[in-house]
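Undergrad: Model the following, please.
(chains A, B and C)
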Amino acid sequence: MGWYNKRLAKSIWVFHMSASPCNNCDIEILDLLTPKYDIERLGIKLVGSVRHADVILLSGVINQKVAPRVKKIYEQAAKPCFVVGVGTCPSGGCCFNDSYNIVEKREDVIPIDMYIPGCPPKPEAMIEGVAKLIGVLNG
Amino acid sequence: MDKKEKFLQKFESKIEKIIDKHERLYFNVKNEDFLEVVNHLINDLGCRLSTATGMETYHHVEVLYHFSHDESGQYFCPRVIMPDKNNPTMNSITQLVIGAEWIEREIHDFWGVNFIGHPRLEPLMIGDHPKGAERKNQFRFKRVEHE
Amino acid sequence: MNKNVIPVGPFHPLLEEAEYFTLTVDGETVVDIELDIGWMHRGHEFISEQKTFTQSIFLVERICGICSTSHPLALVHAIEDVDNIEIPERAAYIRTLIGELERIHSHLLWLGLAGHFIGYDTVWMWAWKYREPVLEMFEVISGNRNHYGMMRVGGVSKDVEPAKISELAKNLDMIQTKLEMIAKAVNDDPVLKSRLKGVGVLTKQAAIDFCAVGPTSRASGIPADVRKTDPKDAYGMVDFKVIVLQNGDVYDKLVLRVLETFESIKIVKQCLDKLAENNSPILNDIKEIKPGEGIGRYEAPRGEVFHYVRTDGTNRPIRHKVRAPSYVNIPTFQASCKGIPIADALITLAAVDPCYCCTERSLKFIDINHDPLKYDLLKISREKTESFRRQINGL
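TA: Residues are numbered from 1 along each chain as shown, chains lettered A, B, ... in the order given. Alright, predicted model coming up:
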């Protein structure tokens, strides 16, 4: 796997999956593509199909209705595929822990490898997070 | 202001428990007279349906509609009370306002209110997810105990 | 009749939120549209009943990341409506300032996304580039790029420091000149005009029937604006126009949003001037909320946000109802999408600036007769723009 991961780290293709978020992390992820942050210069590209993706950016607390779809999409991804939880929602549930409609354990639905906390995380924090992931992949 | 007084005069016998405070008018209306009142609000006064609020209290289930009169900033809020908590039933206003379709479906989904005359009374938000519906019900009963 | 059903969603590669549409098409024409919502449902109304009013403000802020001032503002209006609570003048100006800055960033965000949907990525990059200074202004004022946490019952939580006002005004002038450039470029573009004029028309009658609000109804000739009809905060004290256009097509919605952005800049400038000379406190101390009912509303970038609060004298609401503008705007697809070519469907769906997080997408097309790859909505939409561009440039 180490050999493969090193090749993966050169150019990460990410798929963005929103599992009942508040839209803010999603906008900030799109913001990364625009001229100020321009994450494409680091070889990171947002792709439309999960089958092309190396990394899934997951945002939001996963609710009961979207959970089976999230699971299905993760199963469709070519492995190895790393899941990065963006924002406080995937890591701590934000203020939605009392809700009746969210899944009890997000880890049962999709295994999350890395968390970027913040509500929403600043684009700089997301770039730092992705850079750390590249560091881990390089060994 | 003028419109409000005319409205109050016209429906003097049909509305009760009027709460009038700074441009918001809340009143109770019986299910039989409800469509007539809404028809007057929509077609004669030119109000817009903002939304409706479903609510469950210890004694009854109630639905509170919010009609906004955009020219004057006045709110008309007719409230329909259903004492039968197990099978709350009331008239649907979808024949008068198409925009009421989603909100009535949502109230049906959450509070179990049956709207007579609604074109498709299917759950809107949680609907066919049995686990979600089960947990939603637990939540509902917990709330009642609070009060 | 050969009718095909095209399911769109719930995970669409393009839009940020999970949503599920079913388009029924006859050849190239959309005949029917069905929506399935609930993918974003997190039960805000129920969580809110367990939280205190101050905690609720943080919760409703997280209903939607784009309108993260509109919901708290409508909620504090509702709580203040229960007991007729007054706010200091300076707090009113700060609330209006934050609300209008949010309108600028939200309209720029929509302009960019609309450009992206029809294959104009230049518009996207430009609009989002000049949206950044607005977010920086937010960072200067509140300390966060989004989710500001500024609203409180009886005022605002943070003050705009007088030393920062000149810097903010300078930043605003820069945004205005850049916006004028973008507006000119968008207005003069013959491709954009021919691509969007007459597309996805929402008639005035349909807008009334579906109870549409905000830019969606104002582009169809309904002059409804909560800021004018029910002025709260500083809206009664500042000078601005309500933009109303008549055609109801996507082009009018675009022009309306651009014009509204300039009005917002005007309001923000007036607020900054007033804040420089006014030195009142920013927060009234509220000891208790009386039992009763209250309705609060605010004109969000997408339309009227509605909050209803019922209290029983404790520090928690018995019932808290939230109605986001997209909740009434999204059903208008049933009126505007029928009978249009499938290439225009995507931009028509985007034209109301739908926010599903407020209301509560893998693009996978199943077509029994055709190759599934042929039906990529984004691709179809972009190809149409390209063909117009070729025609106009004489290629």
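Undergrad: CA only for contacts and neighbour counts going forward, please
TA: Will do.
Undergrad: Let's verify residue C:389: helix, strand, or coil?
TA: Classification of residue C:389 using DSSP: H, G, I helix; E, B strand; the rest coil returns helix.
Undergrad: Count the residues that sit near it.
TA: 18 (other C-alpha atoms under 10 Å in any protein chain shown).
Undergrad: do the same with residue C:122
TA: Residue C:122: 12 neighbours (other C-alpha under 10 Å).
Undergrad: now it: how far from chain B?
TA: With distances taken as C-alpha to the nearest C-alpha, to the nearest Å, residue C:122 is found 37 Å from chain B.
Undergrad: Residue C:58 too?
TA: 22 Å.
Undergrad: count of residues packed around that residue?
TA: 22.
Undergrad: and what of residue B:21?
TA: Other residues close to residue B:21 by other C-alpha under 10 Å number 14.
Undergrad: Okay, and the beta partners of it?
TA: residue B:24 (DSSP bridges).
Undergrad: tell me, what residue is most central in chain A?
TA: The residue lying closest to the centre of chain A (C-alpha atoms, centre = their mean) is residue A:57, at 1.5 Å.
Undergrad: Could you look up the SS state of that one?
TA: Residue A:57 - assigned by three-state DSSP - is strand.
Undergrad: One more: residue C:240?
TA: Assignment for residue C:240 (three-state DSSP): coil.
Undergrad: Are we agreed that residue B:67 is in a strand?
TA: Yes. If the criterion is three-state DSSP, then residue B:67 is within a strand.
Undergrad: Quick one: name the residues of chain A near chain C.
TA: A:16-27, A:31, A:34-36, A:47-49, A:63, A:65-66, A:95-96, A:98-102, A:119-120, A:122 (C-alpha under 8 Å from any C-alpha of the partner chain).
Undergrad: Show me what the residue nearest to the centre of chain A is bridged to.
TA: residue A:16, residue A:84.
Undergrad: separation between it and residue A:115?
TA: 10 Å (C-alpha to C-alpha, to the nearest Å).
Undergrad: what is in contact with those two at once?
TA: A:84-86 (C-alpha atoms under 8 Å, 6 or more residues apart in numbering or on different chains).
Undergrad: For chain C, state which of the residues you listed is nearest.
TA: Nearest to chain C among those, counting by C-alpha to the nearest C-alpha, is residue A:86 at 13.5 Å.
Undergrad: got the contact list for that closest one?
TA: A:25, A:57-60, A:115-118, A:121, A:126.
Undergrad: For stretch C:157-170, buried residues please.
TA: C:158-160, C:165, C:168-169 (16 or more other C-alpha atoms under 10 Å in any protein chain shown).
Undergrad: avg pLDDT for that stretch?
TA: The average pLDDT within stretch C:157-170 is 89.
Undergrad: how distant is it from the center of its chain?
TA: On the basis of C-alpha atoms, centre = their mean, to the nearest Å, stretch C:157-170 sits 25 Å off its chain's mean C-alpha point.
Undergrad: Same question for stretch C:248-268.
TA: Per C-alpha atoms, centre = their mean, the centroid offset for stretch C:248-268 relative to its chain is 12 Å.
Undergrad: Give me the contact list for that stretch.
TA: C:96-97, C:100-101, C:103-104, C:107, C:111, C:172, C:176, C:183, C:187, C:193, C:196-204, C:215-217, C:219-221, C:238-246, C:347-348, C:351.
Undergrad: With stretch C:199-213 instead?
TA: Residues contacting stretch C:199-213 (C-alpha under 8 Å, 6+ apart): B:48-50, B:97-100, C:216-217, C:220-222, C:224, C:247-251, C:302-304, C:325, C:328-329, C:331-332, C:335-337, C:340, C:344-345, C:348.
Undergrad: ok so, going back, can you redo the shared contacts of residue A:57 and residue A:115 as TSV with pLDDT?
TA: Formatted as TSV, the shared contacts of residue A:57 and residue A:115 follow (pLDDT from 0 to 100):
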residue	pLDDT
A:84	91
A:85	91
A:86	90
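Undergrad: From the contacts of stretch C:248-268, which land in helices?
TA: C:96-97, C:100-101, C:103-104, C:107, C:111, C:172, C:176, C:183, C:187, C:193, C:196, C:204, C:215-217, C:347-348, C:351 (DSSP state H).
Undergrad: The lowest-mean-pLDDT helix or strand in chain A versus strand A:55-59: what angle between them?
TA: When the helices and strands of chain A are scored by mean pLDDT, DSSP states H and E, helix A:2-10 comes last with a mean of 78. Angle of helix A:2-10 versus strand A:55-59, following axes from the mean of the first three to the mean of the last three C-alpha atoms, to 10 degrees, is 60 degrees.
Undergrad: Pretty sure residue C:103 sits against residue C:298.
TA: No. Contact between residue C:103 and residue C:298 fails when scored by C-alpha atoms under 8 Å: they sit 11.9 Å apart.
Undergrad: which residues in chain B form helices?
TA: Using DSSP H, helices in chain B cover B:2-10, B:31-39, B:101-111, B:130-146.
Undergrad: worst average pLDDT in those?
TA: Among those, helix B:130-146 carries the lowest mean pLDDT (a mean of 56).
Undergrad: what about residue C:123, which helix or strand?
TA: helix C:121-129 (DSSP states H and E).
Undergrad: Mind listing what's buried along that helix?
TA: Quick answer for helix C:121-129 (16+ other C-alpha under 10 Å): C:123-129.
Undergrad: other SSEs contacting that helix?
TA: Secondary-structure packing of helix C:121-129 (3 or more C-alpha pairs under 8 Å, 6 or more residues apart in numbering or on different chains; DSSP states H and E): helix C:89-117, helix C:162-188.
Undergrad: Of those helices, which is nearest chain B?
TA: Across the helices and strands packed on helix C:121-129, closest to chain B is helix C:89-117 (C-alpha to the nearest C-alpha), at 18.9 Å.
Undergrad: by how many degrees do that closest one and helix C:121-129 diverge?
TA: 160 degrees.
Undergrad: by contact count, what packs against helix C:89-117?
TA: Short answer (3+ C-alpha pairs under 8 Å, 6+ apart): helix C:89-117 packs on helix C:121-129, helix C:132-142, strand C:155-156, helix C:250-277, helix C:342-351, helix C:377-393.
Undergrad: The second one: what's the following helix or strand?
TA: Next along the chain after helix C:132-142, taking DSSP H and E as the criterion, comes strand C:151-152.
Undergrad: got it, and the longest one?
TA: Tracing the chain past helix C:250-277, the next element assigned as helix or strand by DSSP H and E is strand C:292-300.
Undergrad: And the pLDDT for the residue nearest to residue C:348 when sequence neighbours are not counted?
TA: Leaving aside its sequence neighbours, residue C:348 sits nearest to residue C:200 (C-alpha to C-alpha, 6 or more residues apart in numbering or on different chains; 5.3 Å). Per-residue confidence (pLDDT) for residue C:200: 84.
Undergrad: For chain A, see how far away residue C:200 is.
TA: Where chain A is concerned, residue C:200 sits at a distance of 25 Å (C-alpha to the nearest C-alpha).
Undergrad: again with residue B:28
TA: 31 Å.
Undergrad: who's in contact with that residue?
TA: B:15-18, B:78-81.
Undergrad: can you do 6 Å?
TA: B:15-17, B:78-79 (C-alpha atoms under 6 Å, 6 or more residues apart in numbering or on different chains).
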